[in-house]
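Student: quick one, structure for this:
(chains A and B)
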There are 2 protein chains.
Amino acid sequence: MKATLIYGAGDIRVEDVPDPSVQEPTDAVVRVLRTCICGSDLWPYGSRPATGEGERIGHEFLGVVEETGADVSRLKPGDVVVAPFAYADNTCQFCTEGLHTSCPRGGYWGADGVDGAQGEAVRAPWADGTLVKLPVAEDSVLLPSLLTLADVFCTGHHCAVTAGVGSGTTVTVVGDGAVGLCAVLAARRLGAKRILLMGRHASRTDLGRDFGATDVIPERGEEGIARVRELTDGEGTHTVLECVGTRPALETAFGAVRDGGRVSRVGVPQYEEGPVGRDMFLRNVTLTGGVAPARAYIEELLPDVLDGAVEPGRVFDRTVGLDEVPDGYRAMAEREALKVFVRP
Amino acid sequence: MKATLIYGAGDIRVEDVPDPSVQEPTDAVVRVLRTCICGSDLWPYGSRPATGEGERIGHEFLGVVEETGADVSRLKPGDVVVAPFAYADNTCQFCTEGLHTSCPRGGYWGADGVDGAQGEAVRAPWADGTLVKLPVAEDSVLLPSLLTLADVFCTGHHCAVTAGVGSGTTVTVVGDGAVGLCAVLAARRLGAKRILLMGRHASRTDLGRDFGATDVIPERGEEGIARVRELTDGEGTHTVLECVGTRPALETAFGAVRDGGRVSRVGVPQYEEGPVGRDMFLRNVTLTGGVAPARAYIEELLPDVLDGAVEPGRVFDRTVGLDEVPDGYRAMAEREALKVFVRP
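Tutor: Numbering: from 1, shown residues only, chains lettered A, B, ... in the order given. Model prediction:
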């Protein structure tokens, strides 16, 4: 079969790889119906050293179960399923608590001998725990929105949930990428009163307004912080959803949050040290969030996707075939495309 | 009257200063019955530059109202009161939300023309909001425990509350100073299942056991973290209460916390940057806490102090008069005394 590999910064190739097969009795093999490229894929695309070795990439997919191991009881060939971006057994204590990303038997796609998602098929470990059956046909028009349950919509939701967004909360969202826009959607869904979206790409912030942003702030850094404060009687917002992952984005988040408020981050940190000294302490600001346990949220968010109450799939603004995935990376890296949908 | 001033590192003096008087109609003048020395006073005691200028110091007191301004309606001369370590109007939005330390009209004792607490009397701004009347006589045996409501018991409680300690929670407390011990007491009071106290001073950790610590860990750093994990099936505790304020203490806290857990800190940070990168993110660890809005907790904690259900005043292990305050600082800095109680 064909799958996408990354060889180094800017070097994405679609190549023949061995077909996946059931290796453990808890595995399933899934034929990929749809996959996509993530903002977080752009970090290795921008900086991975060229080692001469290719590495599978991609962590978002939905597909059709083709084969199941002997211990898989909840799925059968033909089922349409979505996978969260981290596989997990869904039975351990961490999974029970909703922290599937800390499952001792879990892991990430494209690492440790597990297939990446940007290919024609995937071996899914702990299939009963990992995969969630979708009550739709293979050609459902809902596939784009359903695919966001693999990552970006659940990630935006995790950001809003850990920030404590609820009825009456004021929110600043830092970043107008797919996760930022999904965080807007999630915050709105959870009852946020006011949502300030920081972003400067009109096509994205327009979608952000459709998703529920009440204000758009194109300014960045100190100017952006000043604008948030201007719009909130000088106080900042109860919560800031940091959906970028850079140090400047984190600094903006701390500057925009109200005393006693929460900064939640879901962008993979591109820093090791952060400004968590006296200012944060004296203002009782909390830093929370983290890698989203998407699996924990799929059942909760699925009904709203199925009945069209939310349409997170609108973040996809370009569709490509598998062979065009390298160009999809380029388009996202150059901000020509917001998020690229892939039909293998 | 006499009061304590700090002139520089190691240079504490008790000198004559002007008697306080009502300056604003919202002020009260309070004769100090008891005050004390705080672990946080030791930071300037250890490092303040000698400028030739003395500065008032101390932020914990209880006393008797001597005079009130025209707008003070809830207090009258003769009332026994305790003051939180930050004054506040108790009417603004932040105070209403329980974040008195962010009151726009509030501030700290010993700064901006407001008296420090280590003296014979204090002018209390926003007296109706700041001071809490105590139903005890001037010679009550409960004065030591009541004085801890000014800071250390409320601070330990804030640490436990923001960490989310409740029934069944596992807790590590970093630091066996007065705040750490009060954090143990507060965690126990809130229903913690297991409380691991990190400290190596037997007299302190013995009191910690009396306060509710189930385990004492004398090891520090990586060894201390390993010990916490050994005691918790390798996982760490749901919460870590960081009651020191140094960078190594923060690192220990991150190492000892369970995935998905919360590190809460109430020791004034002696660092500006912290290790909040990828490890914290991938483990969904939250950093919370901050300067304690003690005023928000006094009414809640007061009944348990009055009926003896908790005895936080046991952290005082030495009593001095005002003239002996400089030696009290020395004794605390040299760890001869845990916390020094002062009878002016």
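
Student: show me the contacts for the residue lying closest to residue A:282 once chain neighbours are set aside.
Tutor: Excluding the flanking residues, the one nearest residue A:282 by C-beta to C-beta, 6 or more residues apart in numbering or on different chains is residue B:291, at 5.3 Å. (Glycine included, C-beta is placed from N, CA and C.) By C-beta atoms under 8 Å, 6 or more residues apart in numbering or on different chains, the contact set of residue B:291 is A:281-282, A:284, B:86, B:101, B:266, B:268.

Student: the regular element (helix or strand) spanning residue A:224: how far from the chain's middle?
Tutor: Assessed by DSSP states H and E, residue A:224 sits inside helix A:221-230. Relative to its chain's centre, helix A:221-230 lies at 27 Å (C-alpha atoms, centre = their mean, to the nearest Å).

Student: any idea how many residues pack against residue A:73?
Tutor: The tally of other residues near residue A:73 (other C-beta atoms under 10 Å in any protein chain shown) stands at 10.

Student: go on, residue A:289?
Tutor: Per other C-beta under 10 Å, the neighbour tally for residue A:289 reads 27.

Student: can you tell me the closest non-neighbouring residue to it?
Tutor: Nearest non-adjacent residue to residue A:289, counting by C-beta to C-beta, 6+ apart: residue A:264, 3.6 Å away.

Student: residues contacting the residue in the stretch 101-250 of chain A that chain B sits nearest to?
Tutor: Nearest residue of the stretch 101-250 of chain A to chain B (C-beta to the nearest C-beta) works out as residue A:102 at 3.9 Å. Residues in contact with residue A:102, defined by C-beta under 8 Å, 6+ apart, are A:94, A:293, B:259-260, B:283-284.

Student: save those residues as TSV, and put in secondary structure too.
Tutor: Below are the contacts of residue A:102 laid out as TSV (DSSP: H, G, I helix; E, B strand; the rest coil):
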residue	secondary structure
A:94	helix
A:293	coil
B:259	strand
B:260	strand
B:283	coil
B:284	coil
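
Student: all helices of the stretch 101-250 of chain A, in order?
Tutor: Listed in chain order, the helices of the stretch 101-250 of chain A (DSSP state H, counting those that start in this stretch) span A:127-130, A:143-147, A:152-163, A:178-189, A:202-211, A:221-230, A:247-256.

Student: next up, the contacts around the residue most central in space within chain A.
Tutor: Geometric centre of chain A, nearest residue: residue A:152, 2.8 Å, by C-alpha atoms, centre = their mean. Taking C-beta under 8 Å, 6+ apart, we find residue A:152 in contact with A:38, A:60, A:178-179, A:182, A:312, A:315, A:339.

Student: likewise for residue A:317?
Tutor: Counting by C-beta under 8 Å, 6+ apart, the residues that residue A:317 touches are A:203, A:337-339.

Student: got the confidence number for it?
Tutor: With respect to pLDDT, residue A:317 scores 97.

Student: gap between the two ends of stretch A:272-288?
Tutor: 15 Å (C-alpha to C-alpha, to the nearest Å).

Student: that stretch: which residues count as buried?
Tutor: By neighbour count on 16 or more other C-beta atoms under 10 Å in any protein chain shown, the buried set for stretch A:272-288 is A:274-278, A:280-288.

Student: and which of these is nearest to residue A:33?
Tutor: residue A:288 (34.3 Å; C-beta to C-beta).

Student: next SSE after the helix or strand that closest one falls within?
Tutor: If you go by DSSP H and E, residue A:288 is part of strand A:286-289. Scanning forward in sequence from strand A:286-289 by DSSP H and E, the next helix or strand is helix A:298-306.

Student: relative to helix A:178-189, how tilted is that next one?
Tutor: Using axes from the mean of the first three to the mean of the last three C-alpha atoms, to 10 degrees, the direction of helix A:298-306 lies 80 degrees away from that of helix A:178-189.

Student: report the buried residues of helix A:298-306.
Tutor: So for helix A:298-306, counting by 16+ other C-beta under 10 Å, buried means A:298, A:301-302, A:304-305.

Student: and the furthest pair within those residues?
Tutor: Distance extremes for the buried residues of helix A:298-306: the farthest pair is A:298 and A:304 at 11.5 Å, using C-beta to C-beta.

Student: for burial, what's the neighbour tally of residue A:219?
Tutor: Residues near residue A:219, counting by other C-beta under 10 Å, number 14.

Student: could you measure it against residue A:231, distance?
Tutor: 11 Å (C-beta to C-beta, to the nearest Å).
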